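Visitor: Any chance you could fold what I've pasted below:
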Amino acid sequence: MNSQQTNAYTVEYQDLYGITYYDEVLASSIGDAERQVRSKRPEASIRAITLNPKIDDEGRTVESISSIDGDSSAAH
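Guide: Next comes the predicted model:
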């Protein structure tokens, strides 16, 4: 079984009239995110693709939880 992790990406693209759009897509890679948008909007000019941070229920990024919770220098 091939289990690829999917992440949320924001794809910024421009149409033929110069209007900028932002689509959020779930994809396995930056290339996959680009392919998803290009399949819907082949005429679009893709300007940027950003990996969105993972957020926990308390509004913190997942990567920062271990460093915050594991910080032994915090006052008790």
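Visitor: So what sits opposite the most centrally placed residue in the chain in the bridge?
Guide: Compute the mean C-alpha point of the chain, and by Cα atoms, centre = their mean the closest residue is Y9, 2.5 Å away. Taking DSSP bridges, one obtains V25, L51 as the residues bridged to Y9.
Visitor: Which helix or strand contains A48?
Guide: Per DSSP states H and E, A48 falls inside strand 45-51.
Visitor: Contacts for that strand next, please.
Guide: Counting by Cβ atoms under 8 Å, 6 or more residues apart in numbering, the neighbours of strand 45-51 from elsewhere in the structure are 7-15, 20, 30, 33-34, 37-38. For the C-beta atoms, the positions are set from N, CA and C on the backbone; glycine is no exception.
Visitor: N52: which of the residues you listed is nearest?
Guide: Proximity of those to N52 (Cβ to Cβ) peaks at A8, which lies at 4.2 Å.
Visitor: any idea how far D15 is from the residue lying closest to the closest one once chain neighbours are set aside?
Guide: In this structure, A8 finds its nearest non-sequential neighbour in N52, 4.2 Å apart by Cβ to Cβ, 6 or more residues apart in numbering. Distance, N52 to D15, using Cβ to Cβ, to the nearest Å: 22 Å.
Visitor: same deal with G31?
Guide: Going from G31 to D15 by Cβ to Cβ gives 21 Å.
Visitor: same question, Q5
Guide: Per Cβ to Cβ, Q5 is found 31 Å from D15.
Visitor: longest helix anywhere in the chain?
Guide: helix 30-40 (DSSP state H).
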